[in-house]
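*Asks:* Pasting a predicted model and its sequence here:
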Amino acid sequence: MTNQLNEMNKVMLQFSDKTMQEVQRIINFYPEGKQKSALIPVLHLAQQEFGGWLSTETMDYVASLLNLSPIEVYEVATFYSMYNLKPVGKYMFEVCQTGPCMINGSDEIVQYIYDKLGIKPGETTADGMFTLKTVECLGACGYAPMMQLGKNYKEHLTKEKIDAIVESCKSLQAQKN
Ligand code: FES
């Protein structure tokens, strides 16, 4: 039965026409036979379109589109922290833990988020609102400690700033609901 469901999932998984056009546009950047070069942007599109994370079925679908073996896709998807391999919350705190951020207190920030929201790195709150991740250098070392939230950087983090960020996420979500 599970196998049947998995097969159904595979068949049903498909990019929208609009996204498919974008996938084709990206593939066309590269010479014939070099479609693997399109993998990273296509995985971004897949993550965006299929619920914010990459399931095995999603990665297999991308492999089939780019004519790659599934393992080639898994290798890339598991290497980069920007890809989520399990469902994530609506707001993801990606706290940098590399040297300059660590020296400036990223461990305390991670601990504070745990104290406040009850989630460790890799975990999501029960209400599906927040996910905590630790990542490597995000190239904003001069603003340490810092984290990425969606497309924005939150810099010179303090406990007070975390409080304010959590509150603003909650009120943003309340407006959307
Ligand atoms: S070490 Fe944190 S942004 Fe570079």
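*Replies:* Nice, thanks for sending it over. Residues are numbered from 1 along each chain as shown.
*Asks:* hey, let's count contacts and neighbours off CA atoms from now on
*Replies:* Noted.
*Asks:* export stretch 160-170 as CSV, just CAs?
*Replies:* The C-alpha trace of stretch 160-170 is given here as CSV (Å, rounded to 0.1, in the frame of the first residue of the first chain):
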residue,chain,number,x,y,z
GLU,A,160,16.0,41.8,22.9
LYS,A,161,16.3,41.7,19.1
ILE,A,162,15.2,38.0,19.0
ASP,A,163,12.2,39.0,21.1
ALA,A,164,11.3,41.7,18.7
ILE,A,165,11.8,39.5,15.6
VAL,A,166,9.6,36.7,17.1
GLU,A,167,6.9,39.3,17.9
SER,A,168,7.0,40.8,14.4
CYS,A,169,6.8,37.3,12.8
LYS,A,170,3.8,36.5,15.0
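*Asks:* which other residues reach it?
*Replies:* Applying CA atoms under 8 Å, 6 or more residues apart in numbering, the set of residues contacting stretch 160-170 from outside is 91, 113.
*Asks:* Identify each buried residue in it, please.
*Replies:* Buried residues in stretch 160-170, defined by neighbour count with 16 or more other CA atoms under 10 Å: 162, 165, 166, 169.
*Asks:* Same list, the residues you listed, but as CSV with secondary structure, pLDDT and distance to the ligand please.
*Replies:* What follows is those, written out as CSV (DSSP: H, G, I helix; E, B strand; the rest coil; pLDDT from 0 to 100; distance: CA to the nearest ligand atom, whole Å):
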residue, secondary structure, pLDDT, distance to the ligand
162, helix, 98, 16
165, helix, 98, 18
166, helix, 98, 20
169, helix, 97, 22
